[in-house]
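[1] the following comprises the amino acid sequence and a computationally predicted model.
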Amino acid sequence: MKLIVRWILLAAALLLVAHLYTGVSVASFGVAMIAALVLGLLNTLVRPLLVLLTLPVTLITLGLFLFVINALMFWSAASLLDGFAVTGFAAALIGSLIYSACGMVIDLAVERIFNRE
């Protein structure tokens, strides 16, 4: 149940990103659900490999290159799906920052709600 609630809230966060920032557009809530799923899969499967491969650059930039990796994941998800669009790399960077901030708040809220028992 916790996973489904988190997924729905992350899809809503993606709609919020599209509403707050004009560089990101999402056609509908269904597209947002699929995009949240694709983003989750990319962050689970591809991101760790990219982080490992770019470790020297990440160390040199004191971790700031991780923002670039997050933006690439966001941009990749948008390029894979119809109805979810990002206008460029800068839009992907800003959109991924907003989405990550929403994701942290959602994770905190879901953990507090489901761990009350």
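    Arrived safely, thanks for sending.

[2] now the helices for this protein?
    For the chain, the helices defined by DSSP state H cover 2-20, 29-45, 47-53, 55-60, 65-80, 89-114.

[3] how about JSON lines for the ones you listed, with mean pLDDT and mean neighbour count added?
    In short, each C-beta sits where N, CA and C put it, glycine included. Output for the helices of the chain, formatted as JSON lines (pLDDT from 0 to 100; neighbours: other Cβ atoms under 10 Å):
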{"stretch": "helix 2-20", "mean pLDDT": "96", "mean neighbour count": "17"}
{"stretch": "helix 29-45", "mean pLDDT": "96", "mean neighbour count": "17"}
{"stretch": "helix 47-53", "mean pLDDT": "96", "mean neighbour count": "13"}
{"stretch": "helix 55-60", "mean pLDDT": "96", "mean neighbour count": "12"}
{"stretch": "helix 65-80", "mean pLDDT": "96", "mean neighbour count": "19"}
{"stretch": "helix 89-114", "mean pLDDT": "95", "mean neighbour count": "16"}
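
[4] what about stretch 19-28, how long is it end to end?
    End-to-end distance for stretch 19-28: 12 Å, by Cα to Cα, to the nearest Å.

[5] what are the contacting residues of that stretch?
    14-15, 17-18, 32, 35, 78, 82-88, 90-92, 94-95, 98 (Cβ atoms under 8 Å, 6 or more residues apart in numbering).

[6] and what of stretch 101-114?
    Under Cβ under 8 Å, 6+ apart, the answer for stretch 101-114 is Met1, Lys2, Val5, Arg6, Leu9, Leu10, Ala13, Leu16, Val17.

[7] the third one and Leu41, how far apart?
    It stands for Val5. For Val5, the distance to Leu41 equals 18 Å [Cβ to Cβ, to the nearest Å].

[8] before we move on, what about the last one?
    Val17 sits at a distance of 18 Å from Leu41 (criterion: Cβ to Cβ).

[9] got it, and the fourth one?
    For Arg6, the distance to Leu41 under the criterion Cβ to Cβ works out to 14 Å.

[10] who touches the nearest residue to Met33 once chain neighbours are set aside in this structure?
    Nearest residue to Met33, sequence neighbours excluded (Cβ to Cβ, 6 or more residues apart in numbering): Ala11, at 4.5 Å. By Cβ under 8 Å, 6+ apart, the contact set of Ala11 is Phe29, Ala32, Met33, Ala35, Ala36.
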